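Q: compute the structure for the input listed below.
(chains A, B and C)
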Amino acid sequence: MQFTAGGLVVAGSSLPQRLLGFLDAVLRGIGQVMLQGNSYTGLLFLAGIFYNSVLFGWAALLGAIASTVTAIFLGSDRSEVQAGLFGFNGALVAIALLYFLEPGALAWAYVVLAAAFTTVVMVALLRLLGTWRVPALTAPFVFTTWVFVLACARFGRLQTTAVLPTAGLPKAATVEGIVTASTVAEGLFSGIAQVFFQGNAITGAIFVAGLLVSSRVAAGVALAGSCAGLLVAWGLGAAEPAIRAGAFGFNSVLTAIALGSGLFAPRAAAAAYTTLAVVVTAVVFAAMSAALEPLGMPALTSPFVLVTWLFLLAGPLFRQLRSGGGAG
Amino acid sequence: MQFTAGGLVVAGSSLPQRLLGFLDAVLRGIGQVMLQGNSYTGLLFLAGIFYNSVLFGWAALLGAIASTVTAIFLGSDRSEVQAGLFGFNGALVAIALLYFLEPGALAWAYVVLAAAFTTVVMVALLRLLGTWRVPALTAPFVFTTWVFVLACARFGRLQTTAVLPTAGLPKAATVEGIVTASTVAEGLFSGIAQVFFQGNAITGAIFVAGLLVSSRVAAGVALAGSCAGLLVAWGLGAAEPAIRAGAFGFNSVLTAIALGSGLFAPRAAAAAYTTLAVVVTAVVFAAMSAALEPLGMPALTSPFVLVTWLFLLAGPLFRQLRSGGGAG
Amino acid sequence: MQFTAGGLVVAGSSLPQRLLGFLDAVLRGIGQVMLQGNSYTGLLFLAGIFYNSVLFGWAALLGAIASTVTAIFLGSDRSEVQAGLFGFNGALVAIALLYFLEPGALAWAYVVLAAAFTTVVMVALLRLLGTWRVPALTAPFVFTTWVFVLACARFGRLQTTAVLPTAGLPKAATVEGIVTASTVAEGLFSGIAQVFFQGNAITGAIFVAGLLVSSRVAAGVALAGSCAGLLVAWGLGAAEPAIRAGAFGFNSVLTAIALGSGLFAPRAAAAAYTTLAVVVTAVVFAAMSAALEPLGMPALTSPFVLVTWLFLLAGPLFRQLRSGGGAG
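A: Now for the predicted structure:
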């Protein structure tokens, strides 16, 4: 066993060593929610969630464990398991389902089933999207959450909570809805906390600390992404409570991390490209939240997934985004 | 001309021989609704439909003929035509449209148009999904039926029947909705009959006989799939009339046949994988039926298609599902 | 600099030459809305739009410029830029947004953002669909317009106009809705005008002139497509005002141009195949307009995109559509 940047590498195979290796994979999985395969980052993310809610802390841990165990049981690639690739969708789906469903023994069993299913969706998308070398991102979480929450409409023993209707997203710029410095300050960090469904600025600050452990660039672009989402929403007249809660921020945070952490050549065109993606993500969030309103479903991170897929697909065909591309 | 397992092989090219070969392709097409390229199976399926409804019997035959003729006319691969690959979506779309539309000369012409269109969708999906060696399943039927039923909202001469609103799927576990032994017995066979839109347990039993002719394994997993869908719905508190009608069963039946008929290595992981797929299919059915409620559209076999695609895509990447994979 | 069929080829690189080359690419982009990479066609299309509405004329020009400039700035393939591949989605999205949004400085900025985004979607689809050698068609326009109009539901500073609910598409064949010769004559040309959102038969006639400049076959099949869409709608009992306005025509026009301009071998099967596609396009338009009604969104050219993708995907696998295929 040796320590490396970002976590443990377990060489031996005694039971304690294997348990430590498993714990490392689970924590990296929680870190992968913001694309960081780093178990210390995952630990800080978990701390941030527990700070806001003990229920969601346990949910994240259980979800990451269930989806990772499924991957191991079915014989997934070991290096992918160890990098946390099968933990992040399970963690997110578990928080989301316990956010929308009344807790209970059946609800927890339902969460485990959903988390296990995310692993199959993840592997299916790895194969499908591998054709274009595009990652699955949080698409398995989005798809699984929509399915398992919608299904409750037919199942009398699984009750949805009152929070389900997309509260806080009215179209309004009323007198009481004036954006102030406190809106901006709170919205900036809440936007980062909302990546894990946590509407708490302190939790957002702990998440930034978690990103800093892994990559200073990632922490910087995450804050810039949250800020950009907030400014777009403010400029176009979104409702103040939604801005304060970070509703327009979390998808832009993820797009910023995915595209802005050194993927493209450091050039004006690449900066403009990433900015366009982050701004459009906030617009797509507004659109998805409106499109799903008749079903009472939240947009989750679908705007991040859609926009990042498009910009990753298109990227290689734009000469100005490649190293040395200016000469072409 | 020679007889082979599952039907005729027509070597000659006289008119009666060609007609017999065509009839064989049409019957295999009806068998392919449950993934059995066997004309005796198709004949028994047709008998089961006629037993419940003469109208739907003729619809199935007409639809399978129209889509098969389209494939022959456009010059599809002959071995694929002969295997019934272009019949099953036409048969299903014809039954579905005559289930949802008031009958009449225009409705029958509309059915023929829709059945012909399923052949184009089928070939398009064969080419698209061939990239990952994944079959089209009943996706052409689902897409075509949704399109042709939805379109009636704009066409004054095509009236939809009163059955269209997804009746029988309320969220309930009321006093009168207690699941009894008769619910289970009826639901088990109705779940198989519903693959062809037939809510009739005797028809379901005839379908099982049809499967037995082709494959004892297929008949067994079909019953197990219907049972699993029923148990999931019962356990999560679905409404008794929906369980009795087999509404939660038919998609699980198809998923069970597609994944459980010897595709994976005979090992615990493969059994768990197929069981997960069958259980998730029932959840996805509940979700799709809720998602389509604002449009008044039924889920059809979309849950089977979605879940089976995901599990087929992911399958090859799981070591424990491959022969000899345990050693890897 | 030399003149070629369909526009300019600019060899030099002085500023006036580059500006002329850019203008040529923008006009070809407007021509590409009907799949004609011809700047004279684009000029006539622009004239037809200005004839009906000065606002939409400027919108089309601005949109085509914004999306083309984005492609140049990011370093797209020069021959693709010059052929107008990055102009047509921008032109359409600009007209659509100014059709659905109250005008204003913020709305125009929003239009530029949307037009720039269409270029990224276009390149992403070029890469995705290139796997099967299928073109992107107007999918970037459809996706971007849906997103940017839906998003306004959350943005207080962007107001949608009253036209948004899909007016004129009731299910009706009432007394006042009798189809007459004037309905047919007006609907025929309006169906072509509606490709650019212009409900004006004279504009439609100018568009036909634009097509004639580029290709007599394209002009002929465009008229035939508009006629076919109109006849399907009439035959199935669509509302007279919708038929007169060309609502059922414009998607069939585009499908007819895409599939009927010499793509397949000149044979009965190919004619039947294209006819099936054009007829189904009118049905899919009815379906999409009904499916999007709960969201208040229009179908735009999504029926053309969906149907043409399916028929292009399937085409190569049908022997009777290939040259010399009859012998196979």
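
Q: okay, now the domains of chain A?
A: A:1-164, A:169-328 (automatic domain parsing).

Q: export these to TSV and tack on mean pLDDT, mean neighbour count and distance to chain B?
A: Quick note: C-beta positions are derived from backbone N, CA and C, even for glycine. As requested, those are exported to TSV (pLDDT from 0 to 100; neighbours: other CB atoms under 10 Å in any protein chain shown; distance: least, CB to the nearest CB, whole Å):
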stretch	mean pLDDT	mean neighbour count	distance to chain B
domain A:1-164	92	21	3
domain A:169-328	91	22	5
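
Q: tell me which of those domains lies nearest to residue B:247.
A: domain A:1-164 (9.1 Å; CB to CB).

Q: anything in the closest one near chain C?
A: Yes: residues of domain A:1-164 are located near chain C by CB under 8 Å from any CB of the partner chain, namely A:131-132.

Q: need the single longest helix in chain A, by residues.
A: Ranked by residue count and defined by DSSP state H, the top helix of chain A is helix A:105-130.

Q: residue A:265 - nearest residue in space that isn't next to it in sequence?
A: residue A:323 (4.5 Å; CB to CB, 6 or more residues apart in numbering or on different chains).

Q: list the contacts of the residue nearest to residue A:236 when sequence neighbours are not counted.
A: Leaving out its chain neighbours, the residue that sits closest to residue A:236 by CB to CB, 6+ apart is residue C:155, at 3.8 Å. With CB atoms under 8 Å, 6 or more residues apart in numbering or on different chains as the criterion, the residues that contact residue C:155 are A:171, A:233, A:236-238, A:286.

Q: could you do residue A:26 as well?
A: A:42, A:61, A:64-65, A:68, A:84, A:87.

Q: check residue A:186 too.
A: With contacts defined as CB under 8 Å, 6+ apart, residue A:186 is in contact with A:201, A:244, A:246.

Q: quick revisit: could I get the contacts of residue A:26 as a markdown table with secondary structure?
A: Written out in a markdown table, the entries for the contacts of residue A:26 read as follows (DSSP: H, G, I helix; E, B strand; the rest coil):
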| residue | secondary structure |
| --- | --- |
| A:42 | helix |
| A:61 | helix |
| A:64 | helix |
| A:65 | helix |
| A:68 | helix |
| A:84 | coil |
| A:87 | coil |
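
Q: and those, which two are the farthest apart?
A: Every pair in the contacts of residue A:26 was compared (CB to CB); the two farthest apart turn out to be A:61 and A:84, at 13.1 Å.

Q: and for the two, which residues touch both?
A: The contact lists of residue A:61 and residue A:84 share A:26, A:30, where a contact means CB under 8 Å, 6+ apart.

Q: by contact count, what packs against the longest helix of chain A?
A: Packing contacts for helix A:105-130, counted by 3 or more CB pairs under 8 Å, 6 or more residues apart in numbering or on different chains; DSSP states H and E, involve helix A:54-74, helix A:88-100, helix A:139-150, helix B:268-291, helix B:302-314.

Q: for residue B:128, which of those is the nearest?
A: Each of those was scored for nearness to residue B:128 using CB to CB, and the closest is helix B:302-314 (11.4 Å).

Q: and that closest one, what does it pack against?
A: On a contact count with 3+ CB pairs under 8 Å, 6+ apart, helix B:302-314 meets helix A:105-130, helix B:139-151, helix B:250-260, helix B:268-291.

Q: for residue B:57, find the nearest of the helices and strands packed on helix A:105-130.
A: If you check each of the helices and strands packed on helix A:105-130 against residue B:57 by CB to CB, helix B:302-314 wins as the nearest, at 23.0 Å.

Q: identify all contacting residues around that closest one.
A: The contact list for helix B:302-314, computed with CB under 8 Å, 6+ apart, reads A:120-121, A:123-125, A:127-128, B:129, B:132, B:134-135, B:137-139, B:142, B:250-252, B:254-255, B:258-259, B:273-274, B:277, B:280-282, B:284-285, B:287-288.

Q: please redo it, this time with the cut-off set to 7 Å
A: A:120-121, A:123-124, A:127-128, B:132, B:134, B:137-139, B:142, B:251, B:254-255, B:258-259, B:273, B:277, B:280-281, B:284-285, B:288 (CB atoms under 7 Å, 6 or more residues apart in numbering or on different chains).

Q: before we move on, what about stretch A:61-81?
A: Contacting residues not belonging to stretch A:61-81 are listed as A:25-26, A:29-30, A:46, A:86-87, A:89-91, A:93-95, A:111-112, A:115-116, A:118-119, A:123, B:269, B:273, B:318-321, B:325, B:328 [CB under 7 Å, 6+ apart].

Q: helix, strand or coil for the residue nearest to residue A:265?
A: Classification of residue A:323 into helix, strand or coil gives coil, according to three-state DSSP.

Q: backbone phi and psi for residue A:179, please?
A: When read as degrees, to the nearest 10, the backbone of residue A:179 gives phi -80, psi 120.

Q: what residues are up against it?
A: Under the criterion of CB under 7 Å, 6+ apart, the contact list for residue A:179 reads A:234, A:240, A:243.

Q: distance check, it against residue A:243.
A: Distance, residue A:179 to residue A:243, by CB to CB, to the nearest Å: 6 Å.

Q: which neighbours do the two share?
A: residue A:234.

Q: and whatever helix or strand residue A:229 lives in, what does it pack against?
A: Assessed by DSSP states H and E, residue A:229 sits inside helix A:216-235. For helix A:216-235, the helices and strands in contact under the criterion 3 or more CB pairs under 7 Å, 6 or more residues apart in numbering or on different chains; DSSP states H and E are helix A:181-193, helix A:201-214, helix A:240-244, helix A:250-260, helix A:268-291.

Q: tabulate the ones you listed in TSV, adding columns for distance to residue C:208.
A: Putting these into TSV (distance: least, CB to CB, whole Å) gives the following:
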stretch	distance to residue C:208
helix A:181-193	52
helix A:201-214	58
helix A:240-244	48
helix A:250-260	44
helix A:268-291	35
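
Q: select, out of these, the one closest to residue A:148.
A: Put simply, out of the helices and strands packed on helix A:216-235 the one that sits nearest residue A:148 is helix A:268-291, at 18.2 Å, with distance taken as CB to CB.

Q: does that closest one reach chain C?
A: Yes: counting by CB under 7 Å from any CB of the partner chain, chain C has neighbours in helix A:268-291: A:269, A:273, A:276, A:279-280, A:283-284, A:286-287, A:289-291.
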